[in-house]
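> Sequence and computational prediction follow.
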Amino acid sequence: MCFVVNVCKRFANENPKVFVTITHPYCVGLLLVGTAFFFLADMLYVVPFIFDTSGAMYKLAWLVAAFIIYNILGNQLACYLTDTSVASLPEERRFPKTEEEHLWAYCDVCKMKVPPRAWHCKLCKFCVLRRDHHCIFTATCIGHKNYRYFFWLQFYLALGTGLSMGCHLLAVVVNKDFQNRYVLVWIIKSVLKRENNVHAGNWNEFLWQNWLLMLNTYALAFSLLMLPYQLPIFYLNTTFYTGSELRYNLGLRSNIKLLLGRRGFWTFISPWIHSPLPHDGTSWEEMKPLDISNF
Ligand SMILES: [Zn+2]
Ligand SMILES: [Zn+2]
């Protein structure tokens, strides 16, 4: 896995234009198609094995699924639409105040001074405020202004694929027809317990259900893989590439506000909830030296 990531990084550095042309449409499309696929497969195939399709629980399942889909697609779109570049600052904030001048760096590519924690992205071709990383699934850089949307996108992807897997397992427990179509269950019942005539549906149903479970496992593993990277970002106010940096850590409560805005975790409700950030991404308060020694 690390080898593949390193090869991709090297290719992106050497051929940024080709990398973006290939990966952006493919990865954005994959996320959209994958989300629609699991939504329809679960609601039209798996969940009817668990709940009566005319009952209240089935309607509730539709509401929960729609809420998750809304947040996945909404946060993906908000990530893409939010300009987090240094150039998005108001004209008067694109230059350091006299007392901040020593903190700003010069970008040789953009030919301008940039605030602390801003870095140049070769793929976006501009400097990004508190740059976290470039995300190929939203076709943009993740930085100061759109980190909130990226976090909830990841959260809802993990929640969606987790619930999808939960529905599979529940259907296995409560429905015998569904249960018998899994390779493992079929083998245990047919071979180990020496039961004959285990009805596993027709061949197409058998293949479809096992293929669906395999896809769900991959999607869940991929969604969960990225979540642990968010922990140091919240606890230490670091970024994806500066995981052990302590200097900007202001405590969990303040870090959450800096990342998600003044409404904090209430932003889970919708990407369109107004949650202004405490500052514009140019002036970063640092941890006091005393606090570092106590850490
Ligand atoms: Zn730059
Ligand atoms: Zn970028």
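It's in. Ligands and ions are numbered 1, 2, ... in the order given.

> Would you agree residue 270 is in contact with residue 71?
Yes: look at residue 270 against residue 71 with C-beta atoms under 8 Å: they come within range, at 7.0 Å. (C-beta placed from N, C-alpha, C; glycine too.)

> which one of the two has more residues nearby?
residue 71 (22 against 15; other C-beta atoms under 10 Å).

> Residue 120 is in what secondary structure piece?
In the assignment (DSSP states H and E), residue 120 maps to strand 119-121.

> how about that strand: buried residues?
Neighbour counts using 16 or more other C-beta atoms under 10 Å place 119, 120, 121 of strand 119-121 among the buried residues.

> Any idea how many residues pack against the spatially closest residue to the last one that is not a sequence neighbour?
Using C-beta to C-beta, 6 or more residues apart in numbering and skipping residues adjacent in sequence, the residue nearest residue 121 is residue 141, 4.9 Å away. Taking other C-beta under 10 Å as the neighbour definition, residue 141 ends up with a count of 25.

> ok, back up a step: the strand holding residue 120: partners in the sheet, and parallel or antiparallel?
If you go by DSSP bridges, strand 119-121 pairs up with strand 126-128 (antiparallel).

> what residues does the strand it pairs with touch?
Outside strand 126-128, the residues that touch it by C-beta atoms under 8 Å, 6 or more residues apart in numbering are 84-87, 107, 110, 112, 114, 118-121, 141, 143-144.

> need the helices for the protein, in chain order.
Ranges of helices within the chain are 2-14, 16-41, 56-81, 147-174, 176-180, 183-187, 203-226, 230-236, 252-260, 289-294, based on DSSP state H.

> Ok, which of the ones you listed comes nearest residue 278?
helix 252-260 (5.6 Å; C-beta to C-beta).

> what is the rounded mean pLDDT of that closest one?
Helix 252-260 carries an average pLDDT of 93.

> the inter-axis angle of it versus helix 147-174?
Calculated by axes from the mean of the first three to the mean of the last three C-alpha atoms, to 10 degrees, helix 252-260 forms an angle of 100 degrees with helix 147-174.

> Could you list every helix and strand in contact with helix 252-260?
In terms of contacts (3 or more C-beta pairs under 8 Å, 6 or more residues apart in numbering; DSSP states H and E), helix 252-260 is packed against helix 147-174, helix 230-236.

> so which of these comes closest to residue 264?
Comparing these against residue 264 with C-beta to C-beta, the closest turns out to be helix 147-174 (9.8 Å).

> which secondary structure elements does that closest one contact?
helix 16-41, helix 56-81, helix 176-180, helix 203-226, helix 230-236, helix 252-260.

> buried sites along that helix?
Buried, per 16+ other C-beta under 10 Å, within helix 147-174: 147-161, 163-165, 167-168, 170-172.

> Return the distance of it from the chain's centre.
When distances are taken as C-alpha atoms, centre = their mean, to the nearest Å, helix 147-174 is centred 12 Å away from the chain's centroid.

> Repeat that for stretch 236-243.
With C-alpha atoms, centre = their mean as the basis, the mean position of stretch 236-243 lies at 16 Å from the chain mean.

> Low-confidence regions, the protein specifically.
1-2, 193-201, 289-295 (pLDDT under 70).

> what do you get if the cut-off is 80, keeping everything else the same?
Where the chain drops to pLDDT under 80, the residues are 1-6, 180-203, 206, 243-245, 287-295.

> who's in contact with the strand holding residue 120?
107, 109, 110, 114, 126, 127, 128, 131, 134, 141.

> Contact partners for the first one?
When the contact criterion is C-beta under 8 Å, 6+ apart, the partners of residue 107 are 113, 114, 120, 127.

> for the last one, which residues make a bridge with it?
So that's residue 127. Under the criterion DSSP bridges, residue 127 forms beta bridges with residue 120.

> Then the first one?
Beta-bridge partners of residue 113, counted by DSSP bridges, are residue 106.
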